[in-house]
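1. Predicted coordinates and the sequence they were generated for:
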Amino acid sequence: MASRILHRLRHALTGEGEQDGLAACHAEVDEFPESSELEDDTEGLSTRLSGTLSFTSNEEEEEEDDDDIHVVRQERGESLPPDLLADAAENGEHSPPLTEHRGSNMLTRQLQELWRKSRGSFVPQRLLFEVTSANVVNERNSKYVLYTIYLIRAGQFDKAPAAVARRYSDFERLNRRLRRHFGSDMAGVSFPRKRLRCNFTAETIAKRSRAFEQFLSHLHSLPEIRRSADYLEFFFLDGLQGAQRLTRSGAYQEALAAWTNAHRLQDKLGAGHSGHFLLTLAGLAVCHQELEQPGEAHASCEQALRLLEAQDSHPLLAPFLQAHIHLAWMLGKDKRQAESRLRGLQDASVGGVPTLKEMLIKQPLP
């Protein structure tokens, strides 16, 4: 992907040839002094301009063991290498050899047993970070590159990828905060330093795109960091703030798109039990209801109530129950359990219950 960015940006940015590009590099220092970004220092990072790194998001399954490799190979219809076949034969009864003709998926008894045991086991999902575009942005006295990063689950067809757009200063801020809070974990994480010129050439932008993919992938491979607020909020906090502003202004269609992307980001990053996630579900429910989509609004309320099943004091619980009851009545669905729980909350509290929309608009975000 980064190689395609290089190809497009070379035409867009270098224009008439290398001489013009070099002249533009020297002009940047004077014209945009505040736009200094990376120095061409990528020690520890691959300089290849294509491909994307991926790391498992399950800390207890950081590396696939040999048994998992057996299963994956058999699922793909691949034959096992001789050394693995020999190991399998030594660990149990001698099984008949695999059929040798091309395309055979016949399993040995050992592999069949392994398959039966592994069917119900957890298969770690991997998360890919891919820079799909990089655009030069001019804003009054500043000029910077905006990188669009897609988060995609590997190992399956991801029909709902999520995207964020970030500039170098956003990455630098994340790097600085993580090094302050996770010094030992961040010791092995490379982050390219700033440079003073040639920030907007096609080659530099393509190299940075690759570097940012690796930077995010490396962070996601560290369990403590990928669960930290600094890391998670880098992806979705500004999206939530924008979605809340749009909801307050009544732009529900635009707000729904923002809430939906924030929901996908949090789901992929494993942040589905945070207060931010509940606020996101509230945003989805309110926007769907305002757009006369009661079925989708009801589904968001149900998801939130499942997360709040063991909580009786959360400020969003009563508003979610109230919205769920109203939507269930509209859709002809059972609402007795929600009504009973809401009555219990009302008996134990003083004052009325605010609506979900009121809570959503008033909820402060950092």
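-> In hand now; what should we look at?
2. In contact with residue 295: list those residues for me.
-> Contacts for residue 295 (C-beta atoms under 8 Å, 6 or more residues apart in numbering) come out as residue 331. Quick note: C-beta positions are derived from backbone N, CA and C, even for glycine.
3. And it, what's its pLDDT?
-> Among the per-residue scores, residue 295 shows a pLDDT of 97.
4. Give me the spatial nearest neighbour of residue 365, chain neighbours excluded.
-> residue 241 (5.3 Å; C-beta to C-beta, 6 or more residues apart in numbering).
5. Quick check: phi and psi at that neighbour.
-> phi -60, psi -40 (degrees, to the nearest 10).
6. my read: it touches residue 364, true?
-> No: using C-beta atoms under 8 Å, residue 241 is not in contact with residue 364; the gap is 10.3 Å.
7. quick one, which of those two is more surrounded?
-> residue 241 (14 against 5; other C-beta atoms under 10 Å).
8. Distance of that one relative to residue 333?
-> Plainly put, residue 241 is 33 Å away from residue 333 if you go by C-beta to C-beta, to the nearest Å.
9. Ok, residue 140 next?
-> Distance check for residue 140 against residue 333: by C-beta to C-beta, it reads 52 Å.
10. Between the two, point out the one with more neighbours.
-> Using other C-beta under 10 Å, the more surrounded residue of residue 140 and residue 333 is residue 333, with 15 against 5.
11. which residues does the more buried one contact?
-> Residues near residue 333 by C-beta under 8 Å, 6+ apart: 298, 327.
12. List phi and psi for it.
-> Per degrees, to the nearest 10, the backbone of residue 333 is at phi -100, psi 160.
13. Please apply the same query to residue 145.
-> According to degrees, to the nearest 10, residue 145 has phi -110, psi 130.
14. Use 894 as the first number from now on
-> Sure, I'll start numbering at 894, so the last one becomes residue 1038.
15. what's the distance between the residue nearest to residue 1258 and residue 1155?
-> Distance, residue 1134 to residue 1155, using C-beta to C-beta: 10 Å.
16. and what of residue 1231?
-> 25 Å.
17. cool, residue 1163 as well?
-> Distance from residue 1163 to residue 1155, counting by C-beta to C-beta: 14 Å.
18. quick one, which of the two is more surrounded?
-> residue 1155 (28 against 16).
19. so what does whichever helix or strand the more buried one is part of touch, helix or strand wise?
-> Per DSSP states H and E, residue 1155 falls inside helix 1145-1161. Applying 3 or more C-beta pairs under 8 Å, 6 or more residues apart in numbering; DSSP states H and E, one finds that helix 1145-1161 contacts strand 1035-1047, strand 1055-1060, helix 1122-1142, helix 1168-1183.
20. Would you mind finding the most buried of those?
-> Of the helices and strands packed on helix 1145-1161, the one with the most neighbours on average (mean count of other C-beta atoms under 10 Å) is helix 1168-1183, at a mean of 23.
21. Next, the angle helix 1145-1161 makes with that helix.
-> 150 degrees (axes from the mean of the first three to the mean of the last three C-alpha atoms, to 10 degrees).
22. need the next SSE after helix 1168-1183, C-terminal direction.
-> helix 1187-1200.
23. Using PDB, write out every CA atom in that following helix.
-> Coordinates of the C-alpha atoms in helix 1187-1200 are reproduced here as PDB (Å, rounded to 0.1, in the frame of the first residue of the first chain):
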ATOM      1  CA  PRO A1187     -36.000   2.100  15.900                       C
ATOM      2  CA  GLY A1188     -34.700  -1.400  15.200                       C
ATOM      3  CA  GLU A1189     -31.000  -0.300  15.100                       C
ATOM      4  CA  ALA A1190     -31.600   2.000  18.100                       C
ATOM      5  CA  HIS A1191     -33.100  -0.900  20.100                       C
ATOM      6  CA  ALA A1192     -30.100  -3.100  19.200                       C
ATOM      7  CA  SER A1193     -27.700  -0.500  20.600                       C
ATOM      8  CA  CYS A1194     -29.700  -0.300  23.800                       C
ATOM      9  CA  GLU A1195     -29.700  -4.000  24.200                       C
ATOM     10  CA  GLN A1196     -26.000  -4.200  23.800                       C
ATOM     11  CA  ALA A1197     -25.500  -1.500  26.400                       C
ATOM     12  CA  LEU A1198     -27.800  -3.200  28.900                       C
ATOM     13  CA  ARG A1199     -25.900  -6.400  28.500                       C
ATOM     14  CA  LEU A1200     -22.700  -4.600  29.500                       C
END
